[in-house]
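Q: predicted structure and sequence below. I'll ask about it afterward.
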Amino acid sequence: MLPSVADDPSQPAATRPRYAWLRLLRLHHWLKNVLLGVPFLTAQAWSQPGAWRELLLGALSFSMVASASYIVNDLADIRFDRAHASKRRRPLAAGTVGIPAALSVAMLLAAGGLGLAWLVGQEFLTVLCGYVLLTTLYTRVLKRIALLDVLALSGLWTLRLLAGATAIHVELSVWLLSFGAFLFLSLSLVKRCAELRATTCPPGTLVPGRGYAPADLPVLEAFGIATGIVSVLVLALFVDSSAAELRYPHHARLWLTCPPVWFWLGRIWLTTARGDMHEDPVVFSLRDPASWAAFAVVAVVWAAALWSG
């Protein structure tokens, strides 16, 4: 067992006790639940009575349950994390947070999140329970099975879109579902490729806790880049669809969302290929000014397609 880093000033600040709980709960990952708001925007539901309240409650519910799942995931991976170059600094692996306290907080968060989901509605609660089931399967089984693990991760992201739609009682667009599924699969493959590039395990052996060997990297990169390109293709096809023409007065302007989305995905994969990718592409994007610029262009183009002027 590794010694605690609680009082070691040589360790990064994030491993010390006052930061340990924030790191364990992964509060920065709560930003992923902004995805629940995407159906709200694409359905143009801002004038719908109660939609804002339901959406905010749903996002908080998902965030609490997600933090509980991160704790459970870290507990399941504690043995592997202690053998990993960077993950050994995680609070449970490093010993800066005790296991009984972590379990107690996970149960409280899960109970609170499910309670809020019940307030949002039965449909939303069903989707959240599906998320809990899938994340449990992922933690216990799927994360160690090659390819099924990234499909499960993509499914967890996609369920956020479905949850956002059910929270405000709108139908989830097939276009949005298709675009999101391919995009999230590409981002999930980024995570695995980043792990394989960073691994120190010998060739021909599996990465601890995963179903991949270092030799699998070229295949996974090919899969990831291909699915990213397909997501941009789905976006381009949507622009020329009757659904886009019906919802957006200037739908032709949406063509201009394709270049920044392609640029963002290309930048992520280029960074991954160079070995400079953070294990989570979301964290990378939040810290990357070029990614924010791409997001800003998409937002401006979307607004220009929606409003006359």
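A: Yep, that arrived. Keep in mind that this is a model prediction, so the values were computed, not measured.

Q: got a list of what Ala167 touches?
A: Going by CB atoms under 8 Å, 6 or more residues apart in numbering, Ala167 touches Leu36, Glu54, Leu55, Leu57, Gly58, Val120, Gly121, Phe124. The C-beta positions use only the backbone N, C-alpha and C, and glycine is treated the same way.

Q: so Phe263 is in which element?
A: Taking DSSP states H and E as the criterion, Phe263 maps to helix 258-273.

Q: for the record, mean pLDDT for that helix?
A: Per-region confidence: helix 258-273 scores 97 on mean pLDDT.

Q: also stretch 300-309?
A: The predicted model gives stretch 300-309 an average pLDDT of 87.

Q: next, the buried residues of it.
A: Buried residues in stretch 300-309, counted by 16 or more other CB atoms under 10 Å: Val301, Trp302, Ala305, Leu306.

Q: got the angle between the helix or strand hosting the second one and helix 258-273?
A: Right, the one you point to is Trp302. If you go by DSSP H and E, Trp302 is part of helix 289-306. In terms of direction (axes from the mean of the first three to the mean of the last three CA atoms, to 10 degrees), helix 289-306 departs from helix 258-273 by 160 degrees.

Q: could you tell me how far helix 289-306 lies from the centre of the chain?
A: Relative to the centre of its chain, helix 289-306 is centred 20 Å away, using CA atoms, centre = their mean, to the nearest Å.

Q: in contact with the residue lying closest to Asp288 once chain neighbours are set aside, which residues?
A: Spatial nearest neighbour of Asp288, chain neighbours left out: Arg267 (7.5 Å); criterion: CB to CB, 6 or more residues apart in numbering. By CB under 8 Å, 6+ apart, the residues touching Arg267 are Asp288, Ala290, Ser291, Ala294.

Q: drop anything exposed from those residues.
A: Judged by 16+ other CB under 10 Å, buried ones among the contacts of Arg267: Asp288, Ser291, Ala294.

Q: of all those residues, which comes closest to Phe179?
A: Ranked by distance to Phe179 (CB to CB), those are led by Ala294 at 15.6 Å.

Q: hang on, that closest one packs against Trp264?
A: Yes. Under the criterion of CB atoms under 8 Å, Ala294 makes contact with Trp264 at 4.2 Å.

Q: which helix or strand contains Val207?
A: Following DSSP H and E, one finds Val207 outside all helices and strands.

Q: count the neighbours of the residue nearest to it when sequence neighbours are not counted for me.
A: Nearest residue to Val207, sequence neighbours excluded (CB to CB, 6+ apart): Thr199, at 5.0 Å. Thr199 has 19 neighbours, counted by other CB atoms under 10 Å.

Q: quick one: name whatever helix or strand follows the helix holding Phe263.
A: Heading C-terminal from helix 258-273 (DSSP H and E), you reach helix 281-287.

Q: pLDDT of that following helix, averaged?
A: On average, the pLDDT along helix 281-287 is 90.

Q: just the CA trace of that helix, in PDB.
A: Output in PDB follows, covering the C-alpha atoms of helix 281-287 (Å, rounded to 0.1, in the frame of the first residue of the first chain):
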ATOM      1  CA  PRO A 281     -10.600  15.200 -23.600                       C
ATOM      2  CA  VAL A 282     -13.300  17.300 -21.800                       C
ATOM      3  CA  VAL A 283     -10.700  18.600 -19.300                       C
ATOM      4  CA  PHE A 284      -8.300  19.300 -22.200                       C
ATOM      5  CA  SER A 285     -11.000  21.300 -24.100                       C
ATOM      6  CA  LEU A 286     -11.900  23.300 -21.000                       C
ATOM      7  CA  ARG A 287      -8.200  24.400 -20.700                       C
END
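
Q: so how far is it from its chain's centroid?
A: Taking CA atoms, centre = their mean, the mean C-alpha location of helix 281-287 is offset from the chain mean by 10 Å.

Q: buried residues, that helix. List them.
A: For helix 281-287, burial by neighbour count (16+ other CB under 10 Å) applies to Pro281, Val282, Phe284, Ser285.

Q: same question, stretch 122-133
A: Phe124, Leu125, Val127, Leu128, Tyr131, Val132.

Q: below-threshold pLDDT in the stretch 1-150 of the chain: ranges please.
A: Residue ranges of the stretch 1-150 of the chain with pLDDT under 70: 1-18, 80-86, 89, 94-95.

Q: residue boundaries of the helices in it?
A: Assigned helices in the stretch 1-150 of the chain, in chain order: 17-25, 38-42, 51-76, 78-81, 91-94, 99-120, 122-140, 148-167 (criterion: DSSP state H, counting those that start in this stretch).
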